[in-house]
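Participant: Quick check, what structure comes out for this input:
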Amino acid sequence: MVVKEDPFNVAISGYREWLPRVKNSRLDIWVDHHDRSMYDPAIADQLYNEAVKILKPGAKAFRIITQKDLSNILTIIQSNSTKASGLYLSALLNATALQEMDGVFKQFIPGYRLMAGKRLITRKGSRIAIIGDYCEGEILNFGSVYDSIFSVRGLQVNFGKVFIHSSTEGGIQINFGERNYMIGNKGIQIDFGDIYYNEVKIDGKHYKNNNFKNKKYSLRNIESKLREIEKIKSLKDDQDEAIQAIISYDWHKFEQEVLATDR
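Facilitator: Okay, the predicted model is just below:
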């Protein structure tokens, strides 16, 4: 008789094995005088890769992991977390057959290298220094984040507070809450937020609210598409409804049509 490994025990024992490596890594995250979170990405990458290696032998166990297992694992790690714990959680989600990790996060860098097809939901009460570095998956944030940086592609939606929205290669970033800066050369970045309204960057081209009003720039079909998704902003005080609206929307089609009409 083959005894199946318990994914909960595999994940927690892996975390305990990983923690001393964090303490020896000298990883530090701080906020500079511009309120931007800073850290050494080489060390973060090393710790993430070490978490991947530790979790790899548990691949079979993670095929049967349940969403309840993942919630219980998150609770245990939250009670014994370090600044870098988000890196381990990201490696864990990527290692499982599950699509989603949902909770209140206090760790730094959850969603790090989040794979395409995976989703991270950070609920109200989350306080995160950096989220989604090198992300290719989906991040729905309702908490407070210093930086949301270096998303490779995928979808990142902010309903809470983000200091910086930055995309370097592609994908979609949308702000329905508060943000201070929106930086990036490619992809689609859209602001329907409480500070800057109707600011859009599409594949390197920058449009502000007045461009929509006086049609100084012709956006063709894009305006109607923006009005369509702007309706989701009204759901931002109801996390579950907002999440469902984001999940059920065809973002791939939206991305393809917007990029096609803006050329």
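
Participant: Show me how far stretch 97-112 is from its chain's centre.
Facilitator: Offset of stretch 97-112 from its chain centre (CA atoms, centre = their mean, to the nearest Å): 8 Å.

Participant: Begin at 20 from now on, thanks
Facilitator: OK, 20 is where the count begins now, so the last one is stretch 116-131.

Participant: What is the end-to-end distance of that stretch?
Facilitator: Length of stretch 116-131, first residue to last, CA to CA, to the nearest Å: 17 Å.

Participant: so the most centrally placed residue in the chain, which of the three states?
Facilitator: What sits nearest the mean C-alpha location of the chain, by CA atoms, centre = their mean, is I158, with 3.2 Å. The three-state assignment at I158 reads strand, by DSSP: H, G, I helix; E, B strand; the rest coil.

Participant: Could you report the pLDDT at it?
Facilitator: pLDDT, I158: 95.

Participant: if I look at it, how far off is S90?
Facilitator: 18 Å (CB to CB, to the nearest Å). Using the backbone N, CA and C atoms, a C-beta is placed for each residue, glycine as well.

Participant: Low-confidence ranges, the stretch 170-282 of the chain, go.
Facilitator: 187, 204, 214-217, 227-240, 280-282 (pLDDT under 70).

Participant: got a list of what L106 touches?
Facilitator: A63, L66, Y67, A70, I128, Y131 (CB atoms under 8 Å, 6 or more residues apart in numbering).

Participant: In the protein, which helix is the longest?
Facilitator: Using DSSP state H, we find that the single longest helix of the chain is helix 26-42.

Participant: what's the burial count for L74?
Facilitator: L74: 23 surrounding residues under other CB atoms under 10 Å.

Participant: surely F273 meets K244?
Facilitator: Yes: the pair F273 / K244 is scored as a contact, 6.3 Å apart, by CB atoms under 8 Å.

Participant: Return every residue with contacts to both of these two.
Facilitator: By CB under 8 Å, 6+ apart, no residue touches both F273 and K244.

Participant: ok, the contacts of L106 vs I265, which is closest?
Facilitator: Closest to I265 out of the contacts of L106 is Y131 (20.9 Å), distances taken as CB to CB.

Participant: burial count for the closest residue to that closest one other than its chain neighbours?
Facilitator: Nearest residue to Y131, sequence neighbours excluded (CB to CB, 6 or more residues apart in numbering): S109, at 4.3 Å. Neighbour count for S109, taken as other CB under 10 Å: 29.

Participant: I'd like the distance between S109 and F127.
Facilitator: Distance from S109 to F127, by CB to CB: 11 Å.

Participant: tell me the mean pLDDT over stretch 37-45?
Facilitator: Per-residue pLDDT over stretch 37-45 has a mean of 86.

Participant: For that stretch, buried residues please.
Facilitator: Of the residues in stretch 37-45, W37, L38, V41, S44 count as buried by neighbour count, 16 or more other CB atoms under 10 Å.
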